[in-house]
Each structure stands twice: as structure tokens, then as C-alpha cells.
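>>> Below are the sequence and a predicted model for it; my questions follow.
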Amino acid sequence: MEHLPIHLVHEARLGGLVQCRWMYPFERTIGKCKRFVKQRNRIEGSICEAYLAKETAHFCSYYFDSHVPCARNRPNRHNVVIEIDPLYPPMSVFNQPGRGSKDRTKKGLSSMEYKSASNHVLLNCPEVQPFLK
């Protein structure tokens with residue numbers, strides 16, 4: 001495998017940046033277009049029709065009213081509305097938007113990790129700063 005560094009450098013000089021010669025984005029787009037195909041006799045025309053229909057729908061969505069649901073104005077899936085009691089607002093550390101993932105796993109912390117995490121939270125929480133002085 002000694003020859004590999006030499007060939008990689010030579011390939012980089014010839015091809016330039018990897019982003020310019022990487023085919024994955026194009027293959028992914030073509031794969032999406034191929035899934036649009038309904039008529040197997042004339043695949044190219046079917047792909048073009050489906051692509052034009054998709055682009056037209058996206059373009060027209062800019063002219064819809066804001067209350068009309070479409071892919072462009074869909075709310076973020078991480079936005080979760082949580083009712084907060086105004087008398088007892090949560091600390092800024094715990095007032096983070098979003099929700100956890102479904103397949104989360106529990107991991108126990110060692111005593112050193114726990115102390116380090118609790119110190120970090122307490123030192124970086126603005127509500128605790130008056131008590132530190």
C-alpha cells in the first residue's frame with residue numbers, strides 16, 4: 001500500500017477538488033427523478049414531465065396565501081409548543097426548544113463526569129451568577 005499516497009496526490013492534482021468531481025449529489029437527484037417515472041416506454045419524457053411538475057408546484061407555492069399548507073411553509077418538526085407557568089419560569093439552561101429523539105438510550109455518568117457536568121451547568125447559568133458573587 002506504499003503506492004497509495006502517490007496515486008492519491010496525482011489524482012488530486014488531475015481532478016481538483018473532490019466536490020467538483022463527486023457524483024453523489026447528481027446520482028441522488030437522478031434517483032429521485034427515476035422514482036417519478038410512470039410510463040416505462042418513454043422514460044426520459046416521463047422524468048422531464050415529473051421534474052417540470054415539481055418545479056412548477058414549488059414556484060407556484062410562493063404565490064399562495066400564508067395559511068395555505070405546502071412544503072415551503074411547513075413548520076419545523078422540532079418546534080414543540082410547551083406551556084410554561086408564568087409564575088415559575090424555568091431556568092435558562094432548561095428552557096431549550098425541541099424534543100428528544102425516539103430511540104434515545106440511557107447512559108450512566110461516573111461521579112467525575114456528573115460533577116463536571118453539574119459545575120458546567122451552574123457556572124454557565126445566568127440565574128446562578130448573583131449567588132456566586
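Done, it's in. Everything numeric here is computed off the predicted structure, so don't read it as measured data. Numbers count the residues shown, from 1 in each chain.

>>> Worst mean pLDDT across the helices and strands of this structure, which element?
Lowest mean confidence among the helices and strands of the chain (mean pLDDT, DSSP states H and E): helix 18-21, at a mean of 72.

>>> now that helix, how far from the centre of its chain.
22 Å (Cα atoms, centre = their mean, to the nearest Å).

>>> Just the C-alpha atoms of that helix, please, in CSV.
C-alpha atoms of helix 18-21 as CSV (Å, rounded to 0.1, in the frame of the first residue of the first chain):
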residue,chain,number,x,y,z
VAL,A,18,-13.4,16.4,-4.6
GLN,A,19,-16.6,18.5,-4.5
CYS,A,20,-16.2,19.2,-8.3
ARG,A,21,-15.8,15.5,-9.2
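
>>> which other helices and strands contact the helix or strand just after it?
Moving toward the C-terminus from helix 18-21, the next helix or strand (DSSP states H and E) is helix 24-35. On a contact count with 3 or more Cβ pairs under 8 Å, 6 or more residues apart in numbering; DSSP states H and E, helix 24-35 meets helix 43-60. All C-beta spots, glycine's among them, are computed from the backbone N, C-alpha and C.

>>> Output the helix it packs on as CSV, restricted to C-alpha atoms.
Provided in CSV are the C-alpha atoms of helix 43-60 (Å, rounded to 0.1, in the frame of the first residue of the first chain):
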residue,chain,number,x,y,z
ILE,A,43,-38.6,7.2,-19.5
GLU,A,44,-36.9,10.5,-20.5
GLY,A,45,-40.2,12.3,-21.2
SER,A,46,-41.8,11.0,-18.0
ILE,A,47,-38.8,12.2,-16.0
CYS,A,48,-38.9,15.6,-17.6
GLU,A,49,-42.7,15.9,-17.1
ALA,A,50,-42.4,14.9,-13.4
TYR,A,51,-39.5,17.3,-12.9
LEU,A,52,-41.4,20.2,-14.5
ALA,A,53,-44.5,19.5,-12.5
LYS,A,54,-42.5,19.5,-9.3
GLU,A,55,-40.7,22.8,-10.2
THR,A,56,-44.0,24.4,-11.2
ALA,A,57,-45.7,23.4,-8.0
HIS,A,58,-42.7,24.8,-6.0
PHE,A,59,-42.7,28.0,-8.0
CYS,A,60,-46.5,28.5,-7.6
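
>>> Cool, thanks, talk later.
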